[in-house]
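> Predicted structure and sequence below. I'll ask about it afterward.
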Amino acid sequence: MDISEYLDENGKDILSELGDAGIAATTKDGAVYGAGAVLSQKGGDAIVMRTDVLEEIGMKEKFDNMTSWSEFEEILKAAVDAGYPGIVNADAEGSTLLAQPFLTGADMFADNIWVDVAGDGNQQIYIDPSDDKVKCFYANESYKDAMIRAGQFYEEGLIYKDAATALEYADTQIKNGVGTAMVKVLEFGWEDTLSASCGYDMSVRFIDGAEIQLSTGTFTKLGFAVPVTAQEPEAAVKFINLMYSNNDVHNSLVYGEKDVDWVMNEDGSASYPEGVEQAEYHQMDFLYGDVLQTAPWENAGLRDAQKEANASVATSKYVGFSIDNTSVANQVTACQGVSNTYKPMLNSGAYGSKTEEKWEEYIEALETAGINEIIAEYQSQLDNWLAQQ
Amino acid sequence: MGVGFFSGDERMKDKKEGVLMKASHEKKIHIEMIAAMFLGMLTLFLPYADYTYKSKRYSLSGFEMLTGKTICDGKLILNGSIPVRLLVIALVIILVASFFDFIKNENTSYGISTIAAICMIVIHIWFSTSLERKLKGAKNVSLSYGNLICLILAFALMIWGLYRLWKNKVLNTLDFMAIPGMLYFVINNYIPMFGIVIAFKKLDYSKGIWGSPWVGFNNFKQLFSPNVSFFKSDAWRITRNTLLYNAAFIVLGTIVGVLVGICLADIFSKGFQKFFQTSILLPQLLSYVIITYIVYAFFSNEAGFVNHFLGTDINFYAESKYWPFVLVFVYIWRMVGYNAIIFLSSIVGIDHSIYEAARVDGCGKWKQIRYITLPLLKPTIVTLFMLNVGRIMYSDFGLFYQVTRDSGALYAVTDTIDTYVYRSLMTLNNISLSSAACTYQAVVGFVLVLVVNLLVRRKDKENALF
């Protein structure tokens, strides 16, 4: 429901913590429909690979300093030749070499880019900042090149053969020994947790050009809204406000009961109490509004570093613009159906040498399903929004 | 059948007695109905709903809800409540019913008042479920005691009416025994049919099903892909897959089932028969999730048995051409035990003296099967066929969704109406579109059953379902 009337009185901290850009992301026609999350905003597309493998094949230094996909291909080939498995899928859509919303078709990392998808959860479109036009993500040449590369990698045996249909994701698969590397969107401060979830020490190489910018999606990825059936909306807004201002509330929601599930250390970090190895209640810290309110887990300097990093993030020119797909919902569904058919296969390189041909088929099928109607609708929304700015 | 005939005879007898009783019955005004009506009207002056406004508790009487009222310092304007109006109409009908002895007879009077009482109960359910929406803006809305008294009154009147009708032999005990089953059908099968309206609406959660705007056949339009010919649309793909797979399942399932059934019946040793019967039935007990992993163990690219054994490099989950065979095989393998047991039970029921006579006349095994077993199995086969045809638009969800691991590249041959609906609903969250697909499934399925039944009736009236 529209919570704008309660924000001034009960949601002051929501307003101040999110700032104009954050509030704009959940605003439509002057009405605010929710509070987006304040997260670690700096991040980018990253190649992650097992450090022990890199050291064994003597390529750790090369990995840390590589500047192109061809160099990565060489490293991966050496690993596979040494008997290790290749890249595994980072998600349910079989993504191996391309993580959305990055366009990583160019060989040189510096030429890879991040694009603004205007909060499109279905990942069908992006906005080209050079001409303010809404375009189909998959029809982009850079996307096609990345897929052709995935096809080559697949044929060379560098990609896990079941990546398109695997029900587990990269972290688990690396832990299970069917993968050595993955390509994924990584946020600042999350590099350390990867080693824990993958079961091996992992090396991370960020792709230089593909750095996330502050956009609508940054805030709408996670967040809180008040349902239309709420009987006490002002109380609900008050509670959401606590999540943006009160450390105690935040720590309790994330880590559970103080001194039972967790303890506050002198340096301001949180950790398990002595003798406790795993608490019954322990959530991810980014789930409850403002992550910066939570005591960092066993890493005292993390929040200051995140704050500093957040300040350095570039802002997209379309922050605050959010597409509304209600009038083209059926076309969106139809296009998703088409994507379900082609995307996992393309992403995982499973089409091999037929990739280009299949990509053309994919784009044609998207057009049949109405992608152009979707683009036209979003374009008119964007034009209206730009006119109002 | 026996019970049906018995109940028919009983009813006739009961009716005759009822007529006799009626002849001796004295016409009267039903005071109890008039009393119930007045009490019901009186409850309108008691609180029907409570709500909180500015930390104070307020009540709304039935009468206030009937006429409409402005509450919460003018913030909330209530129009007259439709359920309460209907409640008053039902009470008036009860009053009229109390005089029906003079117009028609006593049983009509009780019949009308009982139906009105049942209507009152339904209206109360409607009232209580719609109350919160009606008083939207007020807090802690709840039902109050006036409403409950009226409900109890309706129950009492209904039970009294049913009791009198039973006493007068209009209803018999078997009618009451049918009530749980009928209630189940009404609640489970008929009430949800109203959901069909979602297919013609653009569903908006904040407005609810009835408040959402109508969009006519727009949701269906997308299903039939307006941009291309029908034969390239989603509707064609999912219909073709559903029908062809089910046709294959029905035909092959029956043939294999009959064959295995005949073989089972002819196994001499009882021990062997039990052993085979159990072992072919086992797959039926396996969940499709487990079957998925069995199939995966055969066809996976990285570690699959087939690729390793044949030394090939086939990407099974990307090549749709193999799947019609895989799915039909998996289905038959899973269902054969169940089908065989049904046919086996029919074969066991065939009179053994017929076979003996045939043997005496020099008939071999093959001739016995051809001229005795198969003709006598025909009614079972036809009935099962009809039942399966009734479900021909419904697909085995686990088979098509789990076993194929929902691999997008296989949709051309594995997407059926049910998986399409599930995907539209769960992953794409488009309730209207999935409702449209469901409605399409229901309508086409219904027409198919009618057509097949018509064909069967023309050929063989005995075996038709209706």
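Thanks, I have the structure now.
> which residues does residue 307 contact?
No chain specified, so I'll use chain A. If you count contacts by C-beta atoms under 8 Å, 6 or more residues apart in numbering or on different chains, residue A:307 has them with residue A:292. Using the backbone N, CA and C atoms, a C-beta is placed for each residue, glycine as well.
> nope, chain B please
By C-beta under 8 Å, 6+ apart, residue B:307 lies in contact with B:299, B:300, B:301, B:313, B:314, B:316.
> All the strands of the stretch 1-150 of chain A, residue numbers only.
Secondary structure of the stretch 1-150 of chain A (DSSP state E, counting those that start in this stretch): strands at A:27-28, A:31-32, A:35-36, A:43-50, A:102-103, A:113-114, A:125-128, A:133-136.
> So the first one, near chain B or not?
Read that as strand A:27-28. No - applying C-beta under 8 Å from any C-beta of the partner chain, one finds strand A:27-28 out of contact with chain B, separated by at least 13.4 Å.
> got a winner among the contacts of residue B:307 for most neighbours?
When neighbours are taken as other C-beta atoms under 10 Å in any protein chain shown, the top entry among the contacts of residue B:307 is residue B:316 (24 neighbours).
> just to revisit the earlier point, what about chain A: which of the contacts of residue B:307 touch it?
B:300, B:301.
> which of the contacts of residue B:307 lies closest to chain A?
When the contacts of residue B:307 are compared for distance to chain A (C-beta to the nearest C-beta), residue B:301 wins out at 3.6 Å.
> Pretty sure that closest one sits against residue A:163.
No - counting by C-beta atoms under 8 Å, residue B:301 stays clear of residue A:163, with 9.2 Å between them.
> still on that earlier bit, would you format the contacts of residue B:307 as a markdown table with secondary structure included?
Converted to a markdown table, those look like this (DSSP: H, G, I helix; E, B strand; the rest coil):
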| residue | secondary structure |
| --- | --- |
| B:299 | helix |
| B:300 | coil |
| B:301 | coil |
| B:313 | coil |
| B:314 | coil |
| B:316 | helix |
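> who are the neighbours in contact with residue A:243?
Taking C-beta under 8 Å, 6+ apart as the test, what residue A:243 contacts is A:224, A:249, A:250, A:253, A:288, A:289, A:290, A:293.
> The longest strand seen in chain A versus strand A:43-50: what angle between them?
Ranked by number of residues, the top strand in chain A under DSSP state E is strand A:202-211. Counting by axes from the mean of the first three to the mean of the last three C-alpha atoms, to 10 degrees, strand A:202-211 points 150 degrees away from the direction of strand A:43-50.
> lowest average confidence, helix or strand, in chain A?
When each helix and strand of chain A is scored by mean pLDDT, DSSP states H and E, helix A:191-198 comes last, with a mean of 81.
> just the CA coordinates of it, formatted as PDB?
The C-alpha trace of helix A:191-198 is given here as PDB (Å, rounded to 0.1, in the frame of the first residue of the first chain):
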ATOM      1  CA  GLU A 191      34.700 -12.600  -1.000                       C
ATOM      2  CA  ASP A 192      35.500 -14.300   2.400                       C
ATOM      3  CA  THR A 193      32.200 -16.100   2.700                       C
ATOM      4  CA  LEU A 194      32.800 -17.900  -0.600                       C
ATOM      5  CA  SER A 195      35.600 -19.900   0.700                       C
ATOM      6  CA  ALA A 196      33.300 -21.200   3.500                       C
ATOM      7  CA  SER A 197      30.400 -22.000   1.200                       C
ATOM      8  CA  CYS A 198      32.600 -23.700  -1.500                       C
END
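> what about residue B:154, distance to residue B:129?
Plainly put, residue B:154 is 16 Å away from residue B:129 if you go by C-beta to C-beta, to the nearest Å.
> buried ones in the longest strand of chain A?
Across strand A:202-211, burial judged by 16 or more other C-beta atoms under 10 Å in any protein chain shown covers A:202, A:203, A:204, A:205, A:206, A:207, A:209, A:210, A:211.
> Now do that strand: distance to the chain's middle.
Per C-alpha atoms, centre = their mean, to the nearest Å, the displacement of strand A:202-211 from the mean C-alpha position of its chain is 14 Å.
> Stretch A:6-16 now?
The answer for stretch A:6-16 is 28 Å, by C-alpha atoms, centre = their mean.
> How about stretch B:229-238?
27 Å.
> Could I get the average pLDDT for that stretch?
What stretch B:229-238 shows for mean pLDDT is 82.
> Give me the distance between the two termini of it.
As for stretch B:229-238, its first-to-last residue distance stands at 15 Å under the measure C-alpha to C-alpha, to the nearest Å.
> follow-up on the earlier one: output the contacts of residue B:307 as CSV; include the columns pLDDT.
Formatted as CSV, the contacts of residue B:307 follow (pLDDT from 0 to 100):
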residue, pLDDT
B:299, 92
B:300, 89
B:301, 85
B:313, 83
B:314, 86
B:316, 90
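> re the thing from before, neighbouring strands of the longest strand of chain A in the sheet, and parallel or not?
Applying DSSP bridges, strand A:202-211 is found paired with strand A:43-50 (antiparallel).
> ok now the strand it pairs with, how far from the chain's centre?
Using C-alpha atoms, centre = their mean, the distance from the centre of strand A:43-50 to the centre of the chain it belongs to is 12 Å.
> Report the mean per-residue pLDDT for it.
The pLDDT scores in strand A:43-50 average 92.
> hmm, who's touching it?
A:63, A:72, A:75, A:79, A:84, A:99, A:102, A:104, A:112, A:114, A:170, A:174, A:180-188, A:190, A:194, A:198, A:200-207, A:210-212.
> does the residue located most distally from the centre of chain A count as helix, strand or coil?
Here chain A reaches farthest from its C-alpha mean at residue A:275, the gap being 35.2 Å by C-alpha atoms, centre = their mean. Secondary structure state of residue A:275, per three-state DSSP, is coil.
> State the phi and psi torsions of it.
Reported as degrees, to the nearest 10, the phi and psi values for residue A:275 are phi 90, psi -10.
> With residue B:59 instead?
Phi and psi for residue B:59, reported as degrees, to the nearest 10, are phi -120, psi 150.
> Next up, the contacts around it.
By C-beta under 8 Å, 6+ apart, the contact list for residue B:59 reads B:47, B:49, B:50, B:144.
> Closest one of those residues to chain A?
residue B:50 (13.9 Å).
> State whether that closest one is indeed within a strand.
Yes - Residue B:50 forms part of a strand when assessed by three-state DSSP.
> unless I'm mixing things up, it is touching residue B:58, no?
Yes - counting by C-beta under 8 Å, residue B:58 is a contact partner of residue B:50 at 7.0 Å.
> These two: which is more packed in?
Ranked by neighbour count (other C-beta under 10 Å), residue B:50 and residue B:58 place residue B:50 first, with 17 against 14.
> who's the more buried one bridged to?
Assigned bridge partners for residue B:50, using DSSP bridges, are residue B:59, residue B:142.
> where does it sit relative to residue A:94, distance-wise?
Going from residue B:50 to residue A:94 by C-beta to C-beta gives 56 Å.
> tell me which element residue A:186 is part of?
strand A:181-187 (DSSP states H and E).
> Write out the residues of the stretch 51-200 of chain B neighbouring chain A.
Residues of the stretch 51-200 of chain B lying near chain A (C-beta under 8 Å from any C-beta): B:139, B:140.
> For chain A, give me its nearest residue in the stretch 51-200 of chain B.
In the stretch 51-200 of chain B, the residue that lies nearest chain A is residue B:139 (4.8 Å; C-beta to the nearest C-beta).
> Surely that residue is in contact with residue A:232?
Yes - Residue B:139 lies in contact with residue A:232 (C-beta under 8 Å); the separation is 7.0 Å.
> re earlier: now the residue of the stretch 51-200 of chain B closest to chain A: phi and psi?
The phi/psi pair for residue B:139 (degrees, to the nearest 10) is phi -110, psi 160.
> quick one: contacts for it?
Contacts for residue B:139 were tallied using C-beta under 8 Å, 6+ apart; they are A:231, A:232, B:51, B:52, B:53.
> quick one: which of those is nearest to residue B:364?
residue A:231 (80.8 Å; C-beta to C-beta).
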